[in-house]
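S.K.: Quick one: sequence plus predicted model below, questions after.
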Amino acid sequence: QVQLVESGGGLVQAGGSLRLSCAASGSIFIINRMAWYRQAPGAQRELVAAVTRGGSTNYADSVKGRFTISRDNAKNTVTLQMNSLKPEDTAVYYCNAYLIRAIIGSQWNDYWGQGTQVTVSS
């Protein structure tokens with residue numbers, strides 16, 4: 001069993017900041033990529049930011065310069081620091097991990113958190 005638990009969402013005014021955290025636990029052997037996605041009402045889920053085990057990052061153009069993703073490989077955690085928030089950042093944010101479980105015969109798979117709501121008021 002693998003669980004991804006997010007925290008840190010909430011309501012903030014435009015221009016404010018929030019910090020999202022996600023902790024992966026369970027029978028995990030190794031996590032390759034960790035990422036944050038978001039889904040606004042009526043829209044498709046989109047990639048916000050991702051970080052590899054080696055620390056390489058990529059960001060959606062809409063958040064470059066405002067959001068920073070980081071991870072702690074030893075703790076299996078990933079964090080998204082969101083600054084200069086805009087109303088269009090309002091969405092449910094999902095943590096994602098591409099990992100392999102510590103079980104013989106396991107294969108690489110994507111796992112998802114339950115989502116955390118971020119609301120930015122204008």
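M.R.: Noted; the coordinates are in hand.
S.K.: buried residues in stretch 69-86?
M.R.: 69, 71, 76-82, 85 (16 or more other Cβ atoms under 10 Å). C-beta coordinates here come from the backbone N, C-alpha and C atoms, glycine included.
S.K.: What are the contacting residues of it?
M.R.: Stretch 69-86 has contacts (Cβ atoms under 8 Å, 6 or more residues apart in numbering) with 12, 14-25, 28, 31, 34-36, 48-51, 53, 55, 57, 59, 63, 66-68, 89, 93, 95, 97, 118, 120.
S.K.: and the end-to-end length of it?
M.R.: 18 Å (Cα to Cα, to the nearest Å).
S.K.: average pLDDT for it?
M.R.: Across stretch 69-86, pLDDT averages out at 97.
S.K.: before we move on, back to that, from the contacts of stretch 69-86, which ones fall inside strands?
M.R.: Mapping the contacts of stretch 69-86 onto strands (DSSP state E) picks out 12, 18-25, 28, 31, 34-36, 48-51, 57, 59, 67-68, 93, 95, 97, 118, 120.
S.K.: Give me the most central residue, the chain.
M.R.: Trp36 (2.5 Å; Cα atoms, centre = their mean).
S.K.: Tell me how many other residues crowd Arg38.
M.R.: 23 (other Cβ atoms under 10 Å).
S.K.: tell me the contacts of it?
M.R.: Arg38 neighbours (Cβ under 8 Å, 6+ apart): 45-46, 48, 89, 91-94, 118.
S.K.: Let me know the closest of those to Trp112.
M.R.: For those, the minimum distance to Trp112 (Cβ to Cβ) is 5.6 Å, reached by Tyr94.
S.K.: one step back: my guess is the residue nearest to the centre of the chain meets Ala49, correct?
M.R.: Yes. Taking contacts as Cβ atoms under 8 Å, Trp36 lies within contact range of Ala49: 5.3 Å.
S.K.: what sits up against stretch 44-63?
M.R.: 30-39, 67-71, 73, 78, 80, 82, 88-89, 93-94.
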